[in-house]
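>>> sequence and predicted structure below; questions after.
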Amino acid sequence: MTSKVKGGVRLIREASRWLSFREFCRGIPDSGLQLSRLDYLPPDYVTLLGATAQLAPPSRGDLSGAGWRTDPVSGHCYGKAPAFLTKLRYGRGSDPKAVWENCSFRSAVRTAALRPGDAAAFEAWADQIGDWARDNPPGIGINWLSPMECSRRAVNLVLASSFWWPMLIADEGLNSWLARLVVEHAEFVSRNPEIKPGGLTTNHTTANYCGLLTCARAVPSYKGSPGWIDQASAGLESCIARQVRRDGMAFEGSIPYSFYVLDAFAHGALLLRKAGIAPSARYLDLLRGLFRFVLDAADSRGNLPGIGDDDSGEWLTPRTAYMPAMMSALFKSIFGVHPGPRATATARVESGVSTLRRGDLEAVVAAFPVGQEGLGGHNHEDLLQFCFSFMGLPVVIDPGSGSYSRDLEQRSLLRSMQSHNGPIPDGADHYYTFPKGAPFDLRASREFRASIEARDKGGRRGAVLKVDLDGRTLVRKVVLTEDALEAADFMLVGGQRSPGFSVRLTLDPAWAVRRGEGNLVLLTCGDAALEFESNVPVEVGEGICSPGYDRVVETSVLTLHAGSPEGLSFRFGSEPGRASEG
């Protein structure tokens, strides 16, 4: 069978599935369906969710008519063809995520949690939903392309309805119409769970099943709901078993994506119990470890290191300073106790990550394996990357992800080792080969071996990570003392220390940088001040970083080069001090 014939057969199958879904939607009764209120969330979580409403970024672009399908940055308007004929444009300036975010109705959930009696906000939301639905009929256009985005949108519709419940039940027609919309979304997700060849599931699949479960609980009287609950329950159990490692991190090679699936799995556990289904002991054990990892990785103000891909994604819990408290509320609701104090020094060997904290100093150091069972769709070329916060203010940061779709050259640059702060041997080749014409799965990756140790002894908390790659051993030591982060990097060739590598430290844009004497650099951010000192000359330059998805800004970069076998040592201190000798 030729490729053209195979393509034709696939197109016929997709068209048949699409027509079947459209026929299903036409058969949904116009009356009789009603939403049920979801009340599974702990009250303190809902209070904190409402407190984030004023922190939500404003929507971008025109949210009416074709504006629901228009990328507000590029101006590209996605058409109204059947969703299976809608093609994404990679590297041509547009990004569907900007459209999907506008159509998620995420901010309405926060507003409803904050102001459950606000009739004007409720009516404006209902009008917006109606306008969206008129421009985006089931199965038509970009907003019916991604089952994950349909899941997110449906969850937000259901939860906003639940928070505004007294006003919704007073309008039976609106309630019935919203119930129909939820059924359409649930059926679409149920028919299209995002499972890769070989049964591989990802964060998308987790979102599918958590969204499906939410929808089923919201329309319990609908005839399809029991089947959706069974499908979602089995799916969530399968996803957590495959995606979460025994030491607590998810398998995508990304800290932000570990947070995303934690949130979905946590909500899934509460919803399962409301449905009378007890999550398995394995589910709860893996979920407990995932909670502990995310809470260990976050700094004191809830900032998550953006190591690996970061699309600023949220299931429901916003990534704000309230995040740790909201996660703690979910943990207590699931396990009956608070999560307890965060660890001071951890080494998660399977996942390749260490978390450290002492006083105002917090750090994460990582050497992730290739994620997604070898696909590496969200991995960066970031072996031995570290991120550092002082007083809850990020100092040394991951460069971020920019946009997955707008500019593929920039996408690959931000994923590459040249943008990260792990030691880079002079003349080294890339160990990951990024795809051309697409933003995700790696084309190839070279084998490496990583090891990790963490210590908490004598007032010094530290980690040592080693990576064997291309006949070299790269070593990074990070230690937190009472008033400083001290780091030492060196390279071994044939078991002997060898010169010839560089380190490039990207600083958070909030910090002002100025040169001091010798190898001293002074950093200030509001009332916070740090001194950076190294054992080699420091080049202070400009680079780029992405402080949030689809945002790229200029920032300061400190570059060091090891010209002797001793390697590099550097120190960020709140008091003057000498860089350690490693």
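On my side now, so go ahead. Numbers count the residues shown, from 1 in each chain.
>>> contacts and neighbour counts: CA atoms only from here.
Fine.
>>> quick one: low-confidence residue ranges for the protein.
Low-confidence segments of the chain (pLDDT under 70): 575-582.
>>> domain-wise, how is it divided?
As assigned by automatic domain parsing, the chain contains the domains 3-342, 346-573.
>>> can you lay out these as JSON lines showing mean neighbour count?
As requested, the domains of the chain are exported to JSON lines (neighbours: other C-alpha atoms under 10 Å):
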{"stretch": "domain 3-342", "mean neighbour count": "19"}
{"stretch": "domain 346-573", "mean neighbour count": "20"}
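>>> paired strands for the strand ranked longest in the chain, with orientation please.
Longest strand in the chain, counting residues (DSSP state E): strand 551-562. Partner strands and pairing direction for strand 551-562 (DSSP bridges) are strand 501-506 (antiparallel), strand 539-548 (antiparallel).
>>> how far out from the middle of the chain is the next helix or strand after that strand?
Following strand 551-562 in sequence order, the next helix or strand is strand 568-573 (DSSP states H and E). Distance of strand 568-573 from the chain centroid (C-alpha atoms, centre = their mean, to the nearest Å) equals 30 Å.
>>> put the alpha carbons of strand 568-573 into PDB.
What follows is strand 568-573, C-alpha atoms only, in PDB (Å, rounded to 0.1, in the frame of the first residue of the first chain):
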ATOM      1  CA  LEU A 568      35.300  26.500  38.200                       C
ATOM      2  CA  SER A 569      34.100  27.600  41.600                       C
ATOM      3  CA  PHE A 570      31.600  30.300  42.200                       C
ATOM      4  CA  ARG A 571      29.500  31.700  45.100                       C
ATOM      5  CA  PHE A 572      26.300  33.600  45.500                       C
ATOM      6  CA  GLY A 573      26.500  35.100  49.000                       C
END
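>>> show me what it is packed against.
Under the contact definition 3 or more C-alpha pairs under 8 Å, 6 or more residues apart in numbering; DSSP states H and E, strand 568-573 sits against strand 484-493, strand 528-534, strand 551-562.
>>> quickly run through the sheet partners of that strand, with directions.
strand 484-493 (antiparallel), strand 528-534 (antiparallel).
>>> got these as CSV, with distance to Tyr431 columns?
Formatted as CSV, the strands paired with strand 568-573 follow (distance: least, C-alpha to C-alpha, whole Å):
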stretch, distance to Tyr431
strand 484-493, 17
strand 528-534, 28
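>>> out of these, nearest to Lys4?
Ranking these by proximity to Lys4 (C-alpha to C-alpha) places strand 484-493 first, at 51.2 Å.
>>> identify the residues contacting the closest one?
Outside of strand 484-493, the residues within contact range by C-alpha atoms under 8 Å, 6 or more residues apart in numbering are 361, 423, 471-480, 497-499, 501, 565-575, 579-582.
>>> follow-up on the earlier one: which of the helices and strands packed on strand 568-573 sits closest to Gly130?
strand 551-562 (30.3 Å).
>>> and the helices in the stretch 151-300 of the chain, which stretches?
165-169, 172-191, 203-218, 225-243, 255-274, 281-297 (DSSP state H, counting those that start in this stretch).
>>> show me what the last one is packed up against.
Going back to what we said before, that points to helix 281-297. helix 225-243, helix 255-274, helix 323-335.
>>> any chance of those in TSV, plus distance to Arg515?
Listed next are the helices and strands packed on helix 281-297 as TSV, based on distance: least, C-alpha to C-alpha, whole Å:
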stretch	distance to Arg515
helix 225-243	45
helix 255-274	33
helix 323-335	36
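>>> ok, which of the ones you listed comes nearest Arg152?
It's helix 255-274; of the helices and strands packed on helix 281-297, that one is closest to Arg152 (C-alpha to C-alpha) at 10.1 Å.
>>> can you show me the CA trace of that closest one as PDB?
The C-alpha atoms that make up helix 255-274 are tabulated as PDB, following Å, rounded to 0.1, in the frame of the first residue of the first chain:
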ATOM      1  CA  ILE A 255       9.400  20.000  36.600                       C
ATOM      2  CA  PRO A 256       6.500  22.200  35.400                       C
ATOM      3  CA  TYR A 257       4.800  19.200  33.800                       C
ATOM      4  CA  SER A 258       5.200  17.200  37.000                       C
ATOM      5  CA  PHE A 259       3.200  20.000  38.700                       C
ATOM      6  CA  TYR A 260       0.600  19.900  36.000                       C
ATOM      7  CA  VAL A 261      -0.100  16.100  36.300                       C
ATOM      8  CA  LEU A 262       0.100  16.300  40.100                       C
ATOM      9  CA  ASP A 263      -2.800  18.800  40.100                       C
ATOM     10  CA  ALA A 264      -4.800  16.600  37.700                       C
ATOM     11  CA  PHE A 265      -4.200  13.400  39.600                       C
ATOM     12  CA  ALA A 266      -5.000  15.100  42.900                       C
ATOM     13  CA  HIS A 267      -8.300  16.400  41.600                       C
ATOM     14  CA  GLY A 268      -8.900  13.000  40.100                       C
ATOM     15  CA  ALA A 269      -8.500  11.300  43.500                       C
ATOM     16  CA  LEU A 270     -11.100  13.500  45.100                       C
ATOM     17  CA  LEU A 271     -13.500  13.100  42.200                       C
ATOM     18  CA  LEU A 272     -13.100   9.300  42.300                       C
ATOM     19  CA  ARG A 273     -14.000   9.200  45.900                       C
ATOM     20  CA  LYS A 274     -17.100  11.300  45.300                       C
END
